[in-house]
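Chemist: A structural model of the following input is requested.
(one chain, ligands or ions: 1)
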Amino acid sequence: MARTVYVNGEYLPESEGKISIFDRGFLFADGVYEVTAVLNGKLVDYNPHMERLERSLKELRIGWPCSKDELKAMHLEMVKRNGLKEGIIYMQITRGAADRTFNFPKDAKPTLIAFTQSMVLAENPNAVTGVKVVTIPDIRWARRDIKSVMLLAPVLGKQEAYERGANEGWMVENGFVTEGTSSNAYIVKDGKVITRELSNSILAGCTRRSLFRLAQEHGIVIEERAFTPEEAYAADEAFLTSASQFVMPIVEIDGKRIGGGQPGPVVRKLRELFLTEARR
Ligand code: PDD
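Modeler: Numbers count the residues shown, from 1 in each chain. All right, here's what the predicted structure looks like:
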């Protein structure tokens, strides 16, 4: 069944969803995006995603294409029109279409597009076995706190990870892991979760934010600091978080087995807590 996509106020069959070749998202990656999970037909962590979107737009000085209420209504309508029970909604806002100039064009109106993708999230078989990661150099720009559509470094990184037999690449800068190509990175040592503190070096994950709250409510300690690949090799457990993977156990890093090659108790608990809340 063809999906219904959203383009600048219109709901269209996916084959009719088109934008201008002059769109600055296309020409300059001059835009931002959000990926929101849908579970049991409900949006997961919607408000944090929209708070982050607001911040990304502000940092890039891109205007809102519609009101916040309209954006929420659009998300709900997309779930409904596509009969989406489980998967993601991708939405992107760019600075709009205009003749090509590097500086901001005066006449451009922001472009807003969205589409859905049906995916298995809760019963993802990877969560049972755990996934593999490899470390790769972090070659991204200095403002990774902005969820920009400029994703060439993550695209190359993820491809390298796949070609090396892994599901994700953990990017390393100055000897320390920053984050995954499309996820935040964590290790567990002696019952304590360790993950990098927020800064311009990483994206402030919405799943990370929920995880912090759930951990606190259930007495699981999180230490916010950078860790090295060597520390990760020696960890008891490792995992990643993102809107499309939730809390995903990692059982191998650079070919070294973590926690005996099985998802450990802390990550299993955190995934269960996250799913229980997301299903509500
Ligand atoms: N990526 N770090 C990076 C670099 C990311 O691209 C993502 C998400 C995250 C996790 O953020 P959140 O928990 O809010 O999804 C961290 C999305 C899923 C993507 O690009 O598909």
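Chemist: could you use CA atoms for every contact and neighbour count after this?
Modeler: Fine.
Chemist: buried ones in the helix or strand hosting Gln159?
Modeler: Taking DSSP states H and E as the criterion, Gln159 maps to helix 152-163. With burial defined by 16 or more other C-alpha atoms under 10 Å, the residues of helix 152-163 counted as buried are 154, 157-162.
Chemist: which one of these is nearest to the ligand?
Modeler: Nearest to the ligand among the buried residues of helix 152-163 is Pro154, at 7.4 Å by C-alpha to the nearest ligand atom.
Chemist: and the gap between the closest residue to the closest one other than its chain neighbours and the ligand?
Modeler: Nearest residue to Pro154, sequence neighbours excluded (C-alpha to C-alpha, 6 or more residues apart in numbering): Thr181, at 4.7 Å. Distance of Thr181 to the ligand, computed by C-alpha to the nearest ligand atom, to the nearest Å: 5 Å.
Chemist: ok, Glu230 next?
Modeler: Glu230 sits 21 Å away from the ligand, going by C-alpha to the nearest ligand atom.
Chemist: that residue: neighbour count?
Modeler: Applying other C-alpha atoms under 10 Å, we find 11 residues neighbouring Glu230.
Chemist: again, but for Lys18
Modeler: Counted with other C-alpha under 10 Å, the neighbours of Lys18 add up to 13.
Chemist: and the nearest residue to it once chain neighbours are set aside, what are its phi and psi?
Modeler: The shortest distance from Lys18 to any non-neighbouring residue, by C-alpha to C-alpha, 6+ apart, is to Val7 (7.3 Å). Reported as degrees, to the nearest 10, the phi and psi values for Val7 are phi -140, psi 110.
Chemist: which residues does the closest residue to Ile19 other than its chain neighbours bridge with?
Modeler: Among residues not flanking Ile19 along the chain, Val7 sits closest, at 7.7 Å (C-alpha to C-alpha, 6+ apart). In this structure, Val7 bridges to Glu10, Ile113 when assessed by DSSP bridges.
Chemist: was I right to think Val7 contacts Pro110?
Modeler: No - using C-alpha atoms under 8 Å, Val7 is not in contact with Pro110; the gap is 11.2 Å.
Chemist: contacts for stretch 11-25?
Modeler: Contact with stretch 11-25 is made by 2-7, 27, 30-31, 94-100, 111, 149, as judged by C-alpha atoms under 8 Å, 6 or more residues apart in numbering.
Chemist: list only buried entries from these.
Modeler: 3-7, 30-31, 94-98, 111, 149.
Chemist: now for those residues, which pair is the farthest apart?
Modeler: Farthest-apart pair in the buried ones among the contacts of stretch 11-25 is Arg3 and Ala98; separation 28.3 Å (C-alpha to C-alpha).
Chemist: near Thr101, how many other residues are there?
Modeler: If you count neighbours by other C-alpha under 10 Å, Thr101 ends up with 10.
Chemist: now it, what's its secondary structure?
Modeler: Assigned by DSSP: H, G, I helix; E, B strand; the rest coil, the conformation of Thr101 is coil.
Chemist: now Trp141
Modeler: Using three-state DSSP, the structure places Trp141 in coil.
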